[in-house]
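Student: Sequence and predicted structure are below.
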Amino acid sequence: MDEIKKIIIDSIKKVLENDEIQVEEYIEKPKDSSMGDFAFPCFKLASVYKRSPMEIAKELYEKLTALNLEGVGKIEAVGAYINFFADSNVIASQVISKVLSKGEEYLKSDLGKGKTVCIDYSSPNIAKPFHIGHLRTTIIGAALYNLYKALGYRTVGINHLGDYGTQFGYVIEGYKRWKDEYDLDTEPIKSLVSIYVRISALAKEDESVIELARENFAKLEQGDKETVELWSKFRELSIKEYKRIYEKLDIEFDSYNGEAFYNDKMDEIVDILEQKQVLTESEGAKVVNLKKEKVPCMILKSNGSTTYATRDLAAVLFRKREYDFEKCIYVTGGEQMLHFKQVFEVAEHIVGKDVAQGLVHVPFGMVLGSDGKKFSTRKGASATIEGVLDEAIEKSRETLIQKGKDVEIEETAKKIGIGAVIFNDLKNSRIKDEVFDLDDMLKFEGETGPYVQYTFVRTNSILEKAGGLPSQVNASLLKEKEELELIKKIADLENVMKQAAEEYEPSVLTRYVIEVATLFSKFYNECQVIVEDEELKNARLALVYSTGVVIKGVLGILGIKCPDKM
RNA sequence: GUUGCUGUAGCUCAGUAGGAUAGAGCAACAGCCUUCUAAGCUGUGGGUCGGACGUUCGAAUCGUCUCAGCAACACCA
């Protein structure tokens, strides 16, 4: 497709005989495919040639037709537009043969060869519940991780755990008091959270608790053996529980280096900033004043302790040294935009302007309660990620049984249920807020995960019934409207993946895979694949296979598995 | 108050490096299963693209102003 576009651009340039006209920028894709595959509007030429755009279009059309362009089937002049139709034989053969020869590798490219991308995502705070609001960073981050990997980048998934801070002084204090009342081994996070909530409440009444908590944290920082042991225990048990959820979602991390990991790496940050003489004192704290932001970035609090920003800066330096990243992507809520703007600007002093340019904040909207207000921990506690996933699986199971499907129920229900939840989360632009609505997440009709999976299952089913792929295919037999539109959509994949990566926007892929599924469903309804005519059957089988490869591959990048049957 | 994000059909959203009659899904209604899985397909109705002004041959898209919702605004992370 891109080759044909280039041929068209070159020929327009040739016909115009005017180097100043930026043909590449004017050429566009018509809204409706019935108007062609490429269009060249002539409005802007009107002022150059001092003639009406319609006349120009007509004249260009005649000159271009005479050229007999390779790969271009038909050219039309409609009003001020010249519309080009790609030669369907050429397109079909190119696309189909490429997918047939590459198979699942059709999704892969070497765009990012030799480059490393760090992706900081999920990053739960151990003493806070891992509720449905945290699902977004996990799912969006995982999708970006898979996407960049498919594009040939070396990817490093980092779970920057919130495993440090005064809050652990509180948790340790609470644990010392009530350890017998909680079952840390089976429900670590739930126990830690309720201990934290309980001790915080107590601290409000009894100031001595605050003192003890501070003391505990100080001991932790100083490496007191008993305290560190407790802290490690909390951390390990929590990670174990997180991993259970990550396993359900089939997500892995290359690093669990959290905040604590940078504990001994922050002095260097302060030193560097001091050396560069950008650290100034303000109300007892040490800050860096910024050019782009009014609010300065605080590096040291007035009591001398470090901040969130200091830790993030230490992480930037460490990751640069350890991974030598091209990009370091942070997938967090939009409410942290200012924080990252500050950190990124200060990072210029630490790792240099060029490296800092590779720091990217990928924000997303909030998960709201049904009242349209921010999801509170109190309400969120009732909607844990596992609870939602389990309900989704349960509903899939019921549907499978109700429809009397002859499939491995448990395995299939898992893929469908979890797929539905992930798909729902990745369907819209990430920046939009999302009202948490379980019914909405568990819709199985329309633009949903199960719909796309179902479409894949249909491709699979046809291939199985036909007894596999043919060795010889004459793709030029694919001439129906439904066939050609599907082929062109499949040919789009490479550009779509690039766009999704450039915009850090998984929803671009989600939308795309819906379109592929819809076009396949139309084809499925209009064109019988298993027909008498062997050659036609083979050509259609190849198209069915190609569709299946694309759907399964794109869903895979999104973190969704495809059942073979459903 | 300052800055940022969002505002498109009854609902959830695409479309925003300006371009041809503004597109899907859901919901409503009407059709399509003796033929590859109906979690599907086809059709109907539904819109002052929050508002105003401006730039342009052309604006949902760009600019200015304005309204509404939300978020952030240093010693939480």
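Tutor: Here it is on my side, so go on. Residues are numbered from 1 along each chain as shown, chains lettered A, B, ... in the order given.
Student: switch to C-alpha atoms for all contacts and neighbour counts from now on
Tutor: Noted.
Student: in a strand, that's where residue A:74 is, yeah?
Tutor: Yes. Counting by DSSP: H, G, I helix; E, B strand; the rest coil, residue A:74 is part of a strand.
Student: what about it, neighbour count?
Tutor: For residue A:74, the neighbour count with other Cα atoms under 10 Å is 14.
Student: buried residues in stretch A:352-367?
Tutor: In terms of neighbour count (16 or more other Cα atoms under 10 Å), stretch A:352-367 has its buried residues at A:355-357, A:359-367.
Student: And stretch A:319-331, by the same measure?
Tutor: A:319-320, A:323-331.
Student: can you tell me the distance between the two ends of it?
Tutor: By Cα to Cα, to the nearest Å, the extent of stretch A:319-331 from end to end equals 16 Å.
Student: pretty sure residue A:138 is touching residue A:119, no?
Tutor: No. Contact criterion Cα atoms under 8 Å: residue A:138 and residue A:119 do not qualify, at 10.7 Å.
Student: More neighbours: those two, which one.
Tutor: Neighbour count, other Cα under 10 Å: between residue A:138 and residue A:119, residue A:119 has more, with 27 against 22.
Student: in a helix, that's where the more buried one is, yeah?
Tutor: No. Assessed with three-state DSSP, residue A:119 is strand; it does not lie in a helix.
Student: Quick check: closest non-adjacent residue to residue A:156.
Tutor: Nearest non-adjacent residue to residue A:156, counting by Cα to Cα, 6 or more residues apart in numbering: residue A:118, 4.6 Å away.
Student: For that neighbour, give me its contacts.
Tutor: By Cα atoms under 8 Å, 6 or more residues apart in numbering, the contact set of residue A:118 is A:155-158, A:319, A:323, A:325, A:327-329.
Student: Okay, and the beta partners of it?
Tutor: For residue A:118, the beta-bridge partners under DSSP bridges are residue A:156, residue A:328.
Student: how about stretch A:27-39 against RNA strand B, any contact?
Tutor: Yes. Stretch A:27-39 reaches RNA strand B (Cα under 7 Å from any atom of the strand) through A:29-32, A:35-36, A:38-39.
Student: Just the residues contacting that stretch, thanks.
Tutor: Applying Cα under 8 Å, 6+ apart, the contact partners of stretch A:27-39 are A:5, A:9, A:40-41, A:81-86, A:485.
Student: My read is that residue A:4 contacts residue A:72, right?
Tutor: Yes. Residue A:4 is within contact range of residue A:72, at 7.1 Å (criterion: Cα under 8 Å).
Student: Show me whatever sits in contact with both of the two.
Tutor: Jointly contacting residue A:4 and residue A:72 under the rule Cα under 8 Å, 6+ apart are residue A:86.
Student: pLDDT averaged over stretch A:37-56, what's the number?
Tutor: Averaged over stretch A:37-56, pLDDT sits at 90.
Student: How far away from the center of its chain is it?
Tutor: 40 Å (Cα atoms, centre = their mean, to the nearest Å).
Student: Straight-line length of that stretch, end to end?
Tutor: End-to-end distance (Cα to Cα), stretch A:37-56: 20 Å.
Student: Give me the buried positions along it.
Tutor: Buried residues in stretch A:37-56, defined by neighbour count with 16+ other Cα under 10 Å: A:37-43, A:45-46, A:53-54, A:56.
Student: Give me the subset of those lying in helices.
Tutor: Judged by DSSP state H, helices contain the following of the buried residues of stretch A:37-56: A:43, A:45-46, A:53-54, A:56.
Student: Keep only these that also lie close to RNA strand B.
Tutor: residue A:43.
Student: between the contacts of residue A:118, which is nearest residue A:103?
Tutor: Looking at those and their distance to residue A:103, the nearest is residue A:155, at 22.9 Å (Cα to Cα).
Student: Nearest spatial neighbour of that closest one, chain-adjacent residues omitted?
Tutor: residue A:117 (5.0 Å).
Student: ditto for residue A:154
Tutor: Nearest residue to residue A:154, sequence neighbours excluded (Cα to Cα, 6+ apart): residue A:116, at 4.6 Å.
Student: now swap in residue A:302 and tell me
Tutor: Nearest residue to residue A:302, sequence neighbours excluded (Cα to Cα, 6+ apart): residue A:285, at 4.1 Å.
Student: Near RNA strand B, which residues of the stretch 301-450 of chain A? Just list them.
Tutor: Those residues of the stretch 301-450 of chain A that sit near RNA strand B, judged by Cα under 7 Å from any atom of the strand, are A:301-303, A:307-308, A:334-339, A:365, A:373-374, A:396, A:399-400, A:403, A:416, A:427-434, A:444-447, A:450.
Student: Okay, and which of those residues map to helices?
Tutor: A:308, A:337-339, A:396, A:399-400, A:416, A:450.
Student: May I see the PyMOL selection of the buried members of the residues you listed?
Tutor: Burial among these is assessed by 16+ other Cα under 10 Å; the matching PyMOL selection reads:
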select buried, chain A and resi 396+400+416+450
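Student: Now render the ones in helices among the residues of the stretch 301-450 of chain A next to RNA strand B as CSV, adding pLDDT and distance to residue A:292.
Tutor: CSV is the format used below for those (pLDDT from 0 to 100; distance: Cα to Cα, whole Å):
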residue, pLDDT, distance to residue A:292
A:308, 91, 20
A:337, 94, 13
A:338, 95, 11
A:339, 96, 12
A:396, 95, 50
A:399, 94, 54
A:400, 95, 55
A:416, 97, 46
A:450, 97, 45
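Student: of all the ones in helices among the residues of the stretch 301-450 of chain A next to RNA strand B, which comes closest to residue A:22?
Tutor: Nearest to residue A:22, judged by Cα to Cα, of these is residue A:337 at 36.8 Å.
Student: where along the stretch 51-200 of chain A do the strands fall?
Tutor: Remark: strands assigned in the stretch 51-200 of chain A by DSSP state E, counting those that start in this stretch are A:72-78, A:81-86, A:116-120, A:154-158.
Student: so which of those is the most packed in?
Tutor: Mean neighbour count (mean count of other Cα atoms under 10 Å) peaks for strand A:116-120 among the strands of the stretch 51-200 of chain A, with a mean of 24.
Student: so, in contact with RNA strand B or not, it?
Tutor: No. Contact of strand A:116-120 with RNA strand B (Cα under 7 Å from any atom of the strand) is absent, the minimum separation being 13.3 Å.
Student: How is chain A divided into domains?
Tutor: A:2-86, A:116-367 (automatic domain parsing).
Student: centre of the chain versus the first one, how much separation?
Tutor: In terms of Cα atoms, centre = their mean, the centre of domain A:2-86 is set 36 Å apart from its chain centre.
Student: now the end-to-end length of that domain.
Tutor: The first and final residues of domain A:2-86 sit 11 Å from each other (Cα to Cα).
Student: now do stretch A:499-510
Tutor: End-to-end distance for stretch A:499-510: 12 Å, by Cα to Cα.
Student: Quick check: mean pLDDT of that stretch?
Tutor: Rounded mean pLDDT across stretch A:499-510 is 97.
Student: Could you confirm residue A:549 falls within a strand?
Tutor: No. Assigned with three-state DSSP, residue A:549 falls outside any strand and is helix.
Student: buried residues in stretch A:557-566?
Tutor: Buried positions in stretch A:557-566, judged by neighbour count with 16+ other Cα under 10 Å: A:557-563, A:565-566.
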